[in-house]
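> Pasting the sequence and the predicted model now:
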Amino acid sequence: MRHIFVINPYAGKGNWLDGLLADIDKATKEAGITPEIYKEPDRDGMMDFMRQAAQSGDPVRIYACGGDGTIFCAVNATYGHKNVQIAAVPCGSGNDFIKLFGEKEQLRDIRRHINGTPHWIDAIECGEDVSVNIVSMGFDAEVNAMQAKTKKIPLVGGPAGYNIALLVCLLKKFFSKFTVQIDDEPPKTNDFAFAIGGNSRWYGGGFKACPKAIPDDGLMDCVTVERELSKLKMITLISIFQKGEHLDDPRWQSFTTFKRGKVIRVHADTPAAVNIDGEIRSATDVTFELKEQAVCYVVPEGSDYFARKENGTL
């Protein structure tokens, strides 16, 4: 099997790079394997490289070293190729997807990924894109889309760009008129703050939007939040959503719907932002569809994922 380490040197400001390369060298020598290292900040180049590796037909384990964006690239470049395993080495600032499998510092240990267990997990298809974490439309997606614009303003970047985007969307795009249908249920038209499909639990740098999601149960956690309270009142309750308590908290239950299903269809009268594992698209009609056992993900050695799933504490 080929062991390919695909590294985004700009993830998490890149101050981890020298240490990572040293760890790769040490761990692969101990394991008796020869690593292939591809260090590339250009997304297109990164994806082309991984796509070619997948198309070779050779058994390959790709170690996605970066943030959630690097995992997105690995999944989308190799999707549909059964010869590919994907391991996620967290080097970014958010790293939301890996949280279900262990702590960030623990999962930076390359040996854990070399000795990990290949395990088939589900994925969510959205047009030509594939998600292993969370897809969404509504306020969160609009903020991400607006941030892509504000960071291009001269002398504005980082937290300032995000804060400007957040303020604009709080004023103008907190709610969106959507028609949402889950599986074959009757479609519902209303003002929505969120329409979310979860294969896993966290997104947006730590918001636990789908606190009950399990990425290999064959179902997508569908969470919608409708406009039943004033914008100001909902903003005061956002910390409950961030902590993942909104499905059980009575203050959220009156305007939050939670179902497990296979397909979410969303219609917007005008183009709306679509979030796919942090990547932003724009569309009026979107279908999020869960595909079972679609990606071979390497669960790191020492993770308690399987034990927690078995004893019902996951």
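The structure has been received and is ready for your questions.

> ok, now which ones touch residue 72?
The contact partners of residue 72, taken as Cβ atoms under 8 Å, 6 or more residues apart in numbering, are 131, 276-279. Glycine gets a C-beta too; all of them are placed from N, C-alpha and C.

> In a markdown table: the residues you listed, plus secondary structure and pLDDT.
Formatted as a markdown table, the contacts of residue 72 follow (DSSP: H, G, I helix; E, B strand; the rest coil; pLDDT from 0 to 100):
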| residue | secondary structure | pLDDT |
| --- | --- | --- |
| 131 | strand | 98 |
| 276 | strand | 97 |
| 277 | coil | 95 |
| 278 | coil | 89 |
| 279 | strand | 94 |
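
> tell me which of these is nearest to residue 242?
Minimum distance to residue 242 across these is 16.7 Å, recorded for residue 278 (Cβ to Cβ).

> so the closest one makes contact with residue 69?
Yes. The pair formed by residue 278 and residue 69 meets the contact definition of Cβ atoms under 8 Å, at 5.9 Å.

> more neighbours, these two?
A direct count of neighbours by other Cβ atoms under 10 Å for residue 278 and residue 69 places residue 278 higher, at 22 against 19.

> Near the nearest residue to the more buried one once chain neighbours are set aside, how many residues? Count them for me, please.
Spatial nearest neighbour of residue 278, excluding adjacent residues (Cβ to Cβ, 6 or more residues apart in numbering): residue 68 at 5.2 Å. Neighbourhood size, residue 68 [other Cβ under 10 Å]: 28.

> Run through the residues that contact residue 68.
Contact partners of residue 68, counting by Cβ under 8 Å, 6+ apart, are 92, 94-97, 133, 277-278.

> Let's see the pLDDT reported for it.
You'll see residue 68 listed with a pLDDT of 92.

> Next, find the distance separating it from residue 59.
Counting by Cβ to Cβ, to the nearest Å, the separation of residue 68 from residue 59 is 25 Å.

> With residue 264 instead?
For residue 264 relative to residue 59 (Cβ to Cβ), the value is 34 Å.

> Who has more neighbours out of these two?
Comparing residue 264 with residue 59 by other Cβ under 10 Å, the one with more neighbours is residue 264, at 27 against 11.

> Assumed that one was part of a strand.
Yes. Residue 264: assigned to a strand according to DSSP: H, G, I helix; E, B strand; the rest coil.

> what about the closest residue to it other than its chain neighbours, is that helix, strand or coil?
Counting by Cβ to Cβ, 6+ apart, residue 288 is the residue found nearest to residue 264 once chain neighbours are left out, at 4.4 Å. Secondary structure state of residue 288, per three-state DSSP, is strand.

> Same question for the one 5 residues further on.
Reduced to three states with three-state DSSP, the structure at residue 293 is strand.

> Count the neighbours of it for me.
The burial count for residue 293: 12, using other Cβ under 10 Å.

> any idea what the residue nearest to it when sequence neighbours are not counted is structurally, helix, strand or coil?
Once flanking residues are discounted, residue 293 sits nearest to residue 120: 3.9 Å by Cβ to Cβ, 6+ apart. Secondary structure assignment for residue 120 (three-state DSSP): strand.

> re earlier: top of the contacts of residue 72 by neighbour count?
Once you tally neighbours by other Cβ under 10 Å, residue 131 ends up highest among the contacts of residue 72, having 31 neighbours.

> What residues are bridge-paired with it?
Here residue 131 sits in beta bridges with residue 124, going by DSSP bridges.
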